[in-house]
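*Asks:* Give me a model of this one.
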Amino acid sequence: MNRRLVGSTAATLVLVLAAGCGGSSEADGKIELSLGLFSDFGYDKLIEEYMASHQNVKIEQRKVKMEQHNTQLATQLAGGRGAADIVALEEGVVSQFRASKDKFVNLADYGAKDLKSQWADWKWNQGTADNGEFVVGLGTDMGSLGLCYRSDLFAAAGLPTDRTEVAKLWPTWADYAKVADQFTAKTPGVKFVDTGRNVYKAILDQTEEGYFAKDDSYIAEKNDKVKTAFDTAAALGTKQQTGALEPFSQEWNVALKQGSFATTTCPAWALALIKAGAGDGAAGKWDVTTAPGGGGNWGGSFLAIPKQGKHPKEAYELARWLTAPEQQKRIFKETGNLPSQPKVYQDAEVQATVNEYFNSAPVGQIFASSAESLKPTYRGTKDSKVGPVFASALTRVEQGKQSGADAWTQALKEAQDVVK
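*Replies:* The predicted structure is shown next:
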């Protein structure tokens, strides 16, 4: 779970935004399009508008948790049936699906390459293959990094609470670890951070190469940056400064509501999850500042079109409209999901956006600044298979089952088995 893994509840796993039943017969003469999504992409109102202006189109959203979405999509693509007309590809797995580009429509055939200038170069490149000739997907949001903290808990520990002063505490992750020592010395009943796994992920998301080099060769065991990230997170776990929580789980929500931890790494999309978990009682207590180590990106998605769909042209028109700058700006204002388009995140209105729940933090400015300074991390074809190995290793450290050194050694061995 390194990205937007929290999906809808069981009651809203499938949301049909159309009158009547969204069957497949198209007996009423309307073109039926389905979107396979995870989490909240902020499309509900937009889809209603699109159907109102396209009377011949009926649109269904299928929402499940991301792990389920990815597994189902892989099965559907392999079997040649069952996939939605438009599917979301999260950036952590886009390289995996990009390797199966023959299962997708080349959006360049519908003129997608003419839209290239809308996106940050790195985002556009993530969604393409064959040196940009094959466009697999159109970018939606990105997950530029911030650091969220409980100002009341910082005050109790004798630490600064102003976001500018807090940012000065941790220009690097090593400094962040020092603040953890100061915090836990003063407030032993509260954990400094929710989980070392999120710290580890954030540090890796500030590197240009992590588990894999840009030629897709596996380099984790010789990449000092991976080892440094692991050691930093493992040290927090060894000192019991983490909550050892499963990121974005129900127990994580409970800990948020109880004020059991003081900081968490927060890409732009995570603010909505923190607010939902912490509830109204924590309004104004949480704040946002810049992350240690500078800019980085954790998450974000693409809209792709499987070949098996019956209406690729109409699906492309919808995907193009949903990812257009005008709609992306509206989505940011509605959900806080930061668009991956410089024209949008450089927009004066976007940069002036504050989040009242987070003590009126200038989130537009914070996340846009992170977006401007980030260096995108290369995602290997097997990145999504290797990542959980190291995450599990850190969990063992947090639970006191292994030392950091032993967990690292075991993770390297298990990862080698994965990439064979």
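
*Asks:* Residue 183: how many residues sit nearby?
*Replies:* Neighbour count for residue 183, taken as other C-beta atoms under 10 Å: 24. The C-beta positions use only the backbone N, C-alpha and C, and glycine is treated the same way.

*Asks:* What is the three-state secondary structure of it?
*Replies:* The local conformation at residue 183, judged by DSSP: H, G, I helix; E, B strand; the rest coil, is helix.

*Asks:* Low-confidence bits of this protein, can you list those?
*Replies:* For the chain, the stretches with pLDDT under 70 are 1-27.

*Asks:* all strands for it, in order.
*Replies:* Secondary structure of the chain, counting by DSSP state E: strands at 14-16, 31-37, 57-63, 86-90, 128-129, 134-135, 137-150, 191-193, 261-267, 286-289, 297-304, 338-339.

*Asks:* tell me the most buried of the ones you listed?
*Replies:* Of the strands of the chain, the one with the most neighbours on average (mean count of other C-beta atoms under 10 Å) is strand 338-339, at a mean of 30.

*Asks:* Neighbouring strands of that one in the sheet, and parallel or not?
*Replies:* strand 137-150 (antiparallel) (DSSP bridges).

*Asks:* Measure how far the strand it pairs with is from the centre of its chain, please.
*Replies:* 6 Å (C-alpha atoms, centre = their mean, to the nearest Å).

*Asks:* And for stretch 67-77?
*Replies:* 18 Å.

*Asks:* Give me the contacts around that stretch.
*Replies:* Outside stretch 67-77, the residues within contact range by C-beta atoms under 8 Å, 6 or more residues apart in numbering are 1, 5, 7, 36-38, 64, 82-83, 87-88, 90, 93, 97, 100, 103, 306, 308, 384.

*Asks:* just stretch 314-331 next, same as before
*Replies:* 31, 33, 41-43, 46, 50, 57, 59, 85-86, 105, 107, 110, 112, 115, 118, 138-141, 303, 305, 309, 337, 339, 341, 343-344, 347, 349-350.

*Asks:* Go again with 6 Å.
*Replies:* 31, 33, 42, 46, 85-86, 110, 138, 303, 305, 309, 337, 339, 341, 343-344 (C-beta atoms under 6 Å, 6 or more residues apart in numbering).

*Asks:* Could I get the buried residue list for it?
*Replies:* Neighbour counts over stretch 314-331 (16 or more other C-beta atoms under 10 Å) mark 314-320, 322-324, 327-331 as buried.

*Asks:* Max pairwise distance over those: which two?
*Replies:* 314 and 329 (24.0 Å; C-beta to C-beta).

*Asks:* hang on, the earlier thing: which among the contacts of stretch 314-331 gets closest to residue 201?
*Replies:* residue 337 (18.3 Å).

*Asks:* Surely that closest one touches residue 269?
*Replies:* Yes. Assessed by C-beta atoms under 6 Å, residue 337 is found in contact with residue 269 at 5.2 Å.

*Asks:* List the beta-bridge partners for residue 147.
*Replies:* Bridge pairing for residue 147 - DSSP bridges - gives residue 265, residue 289.

*Asks:* shouldn't it be in contact with residue 294?
*Replies:* No. Counting by C-beta under 6 Å, residue 147 does not reach residue 294; the two are 11.6 Å apart.

*Asks:* Residue 84 contacts residue 33, correct?
*Replies:* No. Under the criterion of C-beta under 6 Å, residue 84 is not in contact with residue 33, lying 8.3 Å apart.

*Asks:* What is the burial count for residue 311?
*Replies:* The burial count for residue 311: 17, using other C-beta under 10 Å.

*Asks:* contacting residues for it?
*Replies:* residue 31.

*Asks:* and it, how far is that from residue 171?
*Replies:* Distance, residue 311 to residue 171, by C-beta to C-beta, to the nearest Å: 51 Å.

*Asks:* mind checking how far residue 250 is from residue 277?
*Replies:* Taken as C-beta to C-beta, the span from residue 250 to residue 277 is 9 Å.

*Asks:* Compare these two (neighbour count), which wins?
*Replies:* Shown here are residue 250 and residue 277; by other C-beta under 10 Å, residue 277 has more neighbours (18 against 10).

*Asks:* what about the more buried one, distance to residue 366?
*Replies:* Distance from residue 277 to residue 366, by C-beta to C-beta: 20 Å.

*Asks:* quick one, helices of the stretch 101-250 of the chain?
*Replies:* With DSSP state H, counting those that start in this stretch, the ranges of helices along the stretch 101-250 of the chain come out as 121-126, 151-156, 163-169, 173-186, 196-204, 224-238, 250-258.

*Asks:* what's the second one in contact with?
*Replies:* Outside helix 151-156, the residues that touch it by C-beta under 6 Å, 6+ apart are 161, 187, 190, 262, 285, 287.

*Asks:* How far does that helix sit from its chain's centre?
*Replies:* The answer for helix 151-156 is 27 Å, by C-alpha atoms, centre = their mean.

*Asks:* I'd like the numbering to begin with 242 instead of 1 from here.
*Replies:* OK, 242 is where the count begins now, so the last one is helix 392-397.

*Asks:* Buried residues, that helix. List them.
*Replies:* Per 16+ other C-beta under 10 Å, helix 392-397 contains these buried residues: 392, 393, 394, 395.

*Asks:* ok, now the fourth one?
*Replies:* Of the residues in helix 414-427, those scored as buried under the neighbour-count criterion (16+ other C-beta under 10 Å) are 414, 417, 418, 420, 421, 424, 425.

*Asks:* swap in the longest one?
*Replies:* Residues of helix 465-479 classed as buried: 466, 467, 470, 471, 472, 473, 474, 475, 476, 477, 478, 479 (neighbour count, 16+ other C-beta under 10 Å).

*Asks:* can you redo these as CSV with distance to residue 615?
*Replies:* Below are the buried residues of helix 465-479 laid out as CSV (distance: C-beta to C-beta, whole Å):
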residue, distance to residue 615
466, 15
467, 18
470, 16
471, 21
472, 23
473, 19
474, 20
475, 25
476, 25
477, 23
478, 26
479, 29
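
*Asks:* returning to that earlier point: among the contacts of stretch 555-572, which two are most distant?
*Replies:* Counting by C-beta to C-beta, the most remote pair of the contacts of stretch 555-572 is 272 and 584, 30.3 Å apart.

*Asks:* Just the CA atoms of stretch 594-611, as PDB, please.
*Replies:* Only the C-alpha atoms of stretch 594-611 are listed here, as PDB (Å, rounded to 0.1, in the frame of the first residue of the first chain):
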ATOM      1  CA  THR A 594      -5.900  27.500  -2.100                       C
ATOM      2  CA  VAL A 595      -5.900  26.800   1.600                       C
ATOM      3  CA  ASN A 596      -7.300  23.900   3.500                       C
ATOM      4  CA  GLU A 597      -9.400  25.000   6.500                       C
ATOM      5  CA  TYR A 598      -9.300  21.600   8.200                       C
ATOM      6  CA  PHE A 599      -5.500  21.700   8.300                       C
ATOM      7  CA  ASN A 600      -5.300  25.000  10.100                       C
ATOM      8  CA  SER A 601      -5.800  26.900   6.800                       C
ATOM      9  CA  ALA A 602      -2.600  25.500   5.400                       C
ATOM     10  CA  PRO A 603      -1.600  27.000   2.000                       C
ATOM     11  CA  VAL A 604      -1.900  23.500   0.400                       C
ATOM     12  CA  GLY A 605      -1.900  24.900  -3.200                       C
ATOM     13  CA  GLN A 606       1.400  26.600  -2.600                       C
ATOM     14  CA  ILE A 607       3.000  23.700  -0.600                       C
ATOM     15  CA  PHE A 608       2.100  20.900  -3.100                       C
ATOM     16  CA  ALA A 609       2.700  23.000  -6.200                       C
ATOM     17  CA  SER A 610       6.200  23.900  -4.900                       C
ATOM     18  CA  SER A 611       6.900  20.200  -4.300                       C
END
